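Trainee: Got a predicted model here, sequence first, then my questions.
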Amino acid sequence: MMIGVAVILSALLFRAWYLQITKGSYYKEQSENNRVRVVYIQPPRGLVFDRHGELLANNVPSFNLYLIPEDISDKNSVLNELARLIHLDRAEMEEKIQSRKDNVPYMPVKIKEGLSLEEVTLIESHRLDLAGTLIEPEPQRNYLYGTLAAHLLGYVGEISPAQLQESGNSDVLPGTSVGQSGIEKTYDPYVRGDVGEKIIEVDAMGHEMKVLRVEPPASGSDVYLTIDLNLQKVAEEALGKDAGTIVAINPRNGEILAMASHPAYDPNQLSQSLSTAEWDALSSDPGHPLTNRATQGQYPPGSTFKLVVSSAALETKEVTPDEQINCTGGLYFGRRLYRDWKRGGHGPMDLHSAIVQSCDVYFYEVGRRVGIDRLADIATQYGLGQPTGIELTSEKSGVIPSTQWKTRVKGEPWYPGETLSASIGQGFVTVTPIQLAEVIGTVAMSGVRYQPHLIKAIRDRATQRLYEFPPVEVGRVEMSKKTFTVIRKALAGVVSEPHGTGAAAQSKFVSIGGKTGTAQVVETRPGVLTKSLPKKLQDHAWFVAFAPVEDPQIAVVVLIEHGGHGGETAAPPARKVIEEYLGNDRPEVHQQL
Amino acid sequence: MIDRRFINSFDGWFIVVVLLILSLGVLSIYTVTYAVSSKGHLPMYTKQLVWIALGLVVFFLAASIDYHEIARWSTFFYAACVILLVLVILFGRTGMGARRWLSLGLFDLQPSEWVKLVVLFVLARYLSTRSRVHGLTLPELIVPALWVAIPLLLVLKQPDLGTALVLVFIPGVLVSLIGLRSKTVGISILVSLMAFPFVWEIFWSALKPYQRNRLVAFINPAIDPMGRGYHALQSKIAIGSGGFLGKGLWGGTQSQLKFLPEGHTDFIFSVFAEEWGFLGVMVLLVLYFLLIWWGIDVAYKAKDHLGVLLAVGVVSILVFYLAVNIGMTLGIAPVVGVPLPLMSYGGNSILTTMAGLGLLLNIKMRRFMLFY
């Protein structure tokens, strides 16, 4: 009997030895895992300023509601209580908890952002029925001017499971707010900051017992944009209620001075967690407010493309500036009549007057002489048919057709008649407004093409050092200075001469050179005025401009969707932007700081 | 007034061992419950001290009255206990899914704690009159089987799995001590095998779902760490994380932060092991070993069959509880709710254990007495 007892007690002792000594460190770790929780502290994102240091986006405290799945004993009652108290949708809460299934159950799941003080009070006063809920004051992105520059600023939102999978996001924790669009997205690694940690001890119920260690978050770096707040405001006002876009660029370095796209969204709204219904409403809005028309809208360039055709024609010497081509209101090619926009024609035209009056027949003819492939070559040198590489995601490339392109994409040979359509920026040719801004800027700079960009400088929060971004030359259009001079002179004529199509852009203070464009959305039968068509079938109005003509400082592109004649609707906003900019000589960020 | 034999047989070291274990128990209860605010109630460790004081009284009472005298009254105690068990089923207080207690105002009586001693007495009395030369015959097993069966069914009804197992364990030990005829063994095995499915059915259906879960969880605790296996897993973590020297008093994170449930009752060993480490466990097990050694010594030196059977019975109950309780906390026995004798919080457990120990002293004291 003694032996039996001794055996039993030794067995217990051996087991204790096994657990406490052999596997002691393992269980030590397990017990630490039990009691220690890491609560992540969201860092404030870096501030966003304009080029003069005007604040565009900062952070405001927001009360966010979290649920900790592991600490909820009765999920139903907690969710019902929340639904009752602050009118949250039960199904949506369930979905949020479910969507985080793959994560550890003690990681808080964000249920609602931006609780009102009233809601905070309600929840706090029902604390006992709501075990497992947590209200964290966290920095919330705040865009001071609402919809202003929404597309280039972008918005932030909780990182999605798909984004977590992407490479480069390995250090981002679930639940972190990251840039979802615009420069918020492109420069997210700089602006995001580093998540801090609060290491706490919890009891079995999940209540915080004490704080063991705090590692404060490091806020993100500040960003200075190239845009000018005032100019941006003026551009957006000039755009008004029309769907369209205005891009202003400094041709000397590629800095985007203003980029407006209408309709826009409110990034403050998008940076809060939207309900599925709200999101659907936004993304299915017929006005496409989420689309940045400046970089994502692809339109036929219309007559603005004549800049490219002129360049090609002069450079290939298929025409001299002085050669006259008679415009009789149309050109027969093959079995088809290619009409001029002006019934009856412009009469004899040289290059200058053809640009000034935007004679289609002249360009049909020189386009025909140059041929589509040589045209495409120059267009490509101008940066068309490819993304500009601006720091915004999902940029479109537009289309510059060539014989090769036609066989590759359409599986058909190139028909010579299609060259004529291309010569006046119709047919297969499409461009984005930002590309046209580059074209007009390159013309202004006699062929030197700079990378369009939105970031002027980044200030490292930790070191306070300012990193400026020097201009990057991305290419040259290899043409003689003389060619550019001829074209620029014609562009000045478009605005200043009596028959110029861009007379509406004429300014009292500054010499402006520009080109109008009226891009057909549908081909109309002769004699049918597009103005009588429904709005969505009316032509797009373009105006591309630079100023001052003698010493170009700014290039502007205006596109008004279904705006009719470029000279009428698109030229005045361009003038307003140019006048505002050249009348403005406030110091810039590097001089200021 | 005090019996001289009492003083002669009074082994000083034995009482020191008992008091040491009791103190360690109170200390552990104190560290896990000191923070619990119990408005208008005495703190648990104070209550436990009161029980220990009462336990000492019971201890001396159990030692003073001749165990033959007690045995003569055992049928009466048995009847009383069975009636109480019936009352429990009818009017008992429910706690943790089981109906085990009779509320008596100041004190909740737990008849199932007492029925073990009573059954031990009636069995010992019956078996002590049977021959040990040839072993028990089959008919001689029927009476003890009935003695056990009635309270066993009542206890299963509560349900109280721990007590039920003890009620099966006691006759097992006692009968094996007396010996069985080979024919009896054979038939018993045959009958048991045939009856097993029915008994299992009754046993399994008597269990509450949580008890079944505990058995399932014992087989595989990893199935569901937050559910069935939670107690077992947290207990292993508590003990294992204690390491060699332990985390110190109040230093046990598992018990202090309530990851370990029932830290002051069934899982008090885990609390102790987390705070005192392997070193403490070793000392505690040695203390228990000394106690059992002393008990076995009493059994060896007892002067008659009744004394031997009673002493062996008490020691068996002690060993059974130790093995099942500590085995449970160490994850080598299923989670069966039995207290750790002398350490777990609870009046019934303290009083019955002290009564049992008193009985051992009783038997030791009377070892030289002539049969009367």
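Mentor: Structure's in. What do you need? Numbering: from 1, shown residues only, chains lettered A, B, ... in the order given.
Trainee: Secondary structure element holding the residue in the stretch 201-350 of chain B that chain A sits nearest to?
Mentor: With C-beta to the nearest C-beta, the shortest gap between the stretch 201-350 of chain B and chain A falls at B:Gly240, namely 2.6 Å. C-beta coordinates here come from the backbone N, C-alpha and C atoms, glycine included. Counting by DSSP states H and E, the element that carries B:Gly240 is helix B:230-242.
Trainee: ok now that helix, how far from the chain's centre?
Mentor: Counting by C-alpha atoms, centre = their mean, to the nearest Å, helix B:230-242 is centred 23 Å from the centre of its parent chain.
Trainee: I'd like the average pLDDT over that helix.
Mentor: Averaged across helix B:230-242, pLDDT comes to 89.
Trainee: quick check: domain ranges of chain A?
Mentor: With domains defined by automatic domain parsing, chain A comprises A:37-225, A:229-265+A:291-592.
Trainee: quick one, which of those domains is packed in tightest?
Mentor: domain A:229-265+A:291-592 (a mean of 21; mean count of other C-beta atoms under 10 Å in any protein chain shown).
Trainee: Can you classify the residue in the stretch 451-593 of chain A that chain B sits nearest to by secondary structure?
Mentor: Using C-beta to the nearest C-beta, the single residue of the stretch 451-593 of chain A nearest to chain B is A:Ala462, 35.9 Å away. Secondary structure of A:Ala462, reduced to three states by DSSP: H, G, I helix; E, B strand; the rest coil: coil.
Trainee: quick one: it and B:Ser188, what's the gap?
Mentor: Using C-beta to C-beta, to the nearest Å, we find A:Ala462 at a distance of 82 Å from B:Ser188.
Trainee: Now for chain B: which strand has the highest residue count?
Mentor: When chain B is parsed with DSSP state E, its longest strand is strand B:98-104.
Trainee: Give me the contacts around it.
Mentor: Contacts with strand B:98-104, where a contact means C-beta atoms under 8 Å, 6 or more residues apart in numbering or on different chains, come from B:84, B:87-89, B:91-93, B:95, B:108-112, B:158-160, B:208.
Trainee: Now do the end-to-end distance for stretch A:189-201.
Mentor: Stretch A:189-201 stretches 31 Å from its first residue to its last (C-alpha to C-alpha, to the nearest Å).
Trainee: So for the residue of the stretch 451-593 of chain A closest to chain B, what's the pLDDT?
Mentor: pLDDT at A:Ala462 comes out at 80.
Trainee: Quick check: next helix or strand after the lowest-mean-pLDDT helix or strand in chain B?
Mentor: Here the helix or strand of chain B ranked lowest by mean pLDDT, DSSP states H and E is helix B:4-9, holding a mean of 58. Per DSSP H and E, the first helix or strand lying C-terminal to helix B:4-9 is helix B:12-33.
Trainee: Give the other helices and strands that the very next helix or strand once past that following helix contacts.
Mentor: Scanning forward in sequence from helix B:12-33 by DSSP H and E, the next helix or strand is helix B:44-64. Packing partners of helix B:44-64 (3 or more C-beta pairs under 8 Å, 6 or more residues apart in numbering or on different chains; DSSP states H and E): helix B:12-33, helix B:347-365.
Trainee: most neighbours per residue, which of those helices?
Mentor: In terms of average neighbour count - mean count of other C-beta under 10 Å - the standout among these is helix B:347-365, at a mean of 24.
Trainee: Measure how that helix sits relative to strand B:98-104, angle-wise.
Mentor: 80 degrees (axes from the mean of the first three to the mean of the last three C-alpha atoms, to 10 degrees).
Trainee: how distant is helix B:347-365 from the center of its chain?
Mentor: Here the centre of helix B:347-365 is set off from its chain's centre by 11 Å, with C-alpha atoms, centre = their mean.
Trainee: if we can go back for a sec, now do the longest strand of chain B, average pLDDT.
Mentor: Strand B:98-104 comes out at a mean pLDDT of 78.
Trainee: now stretch A:550-568
Mentor: pLDDT averaged over stretch A:550-568 gives 91.
Trainee: one step back: mean pLDDT lowest where, among the domains of chain A?
Mentor: domain A:37-225 (a mean of 84).
Trainee: Which parts of the stretch 351-500 of chain A are helices?
Mentor: A:351-356, A:360-370, A:372-381, A:403-405, A:416-423, A:433-444, A:481-496 (DSSP state H, counting those that start in this stretch).
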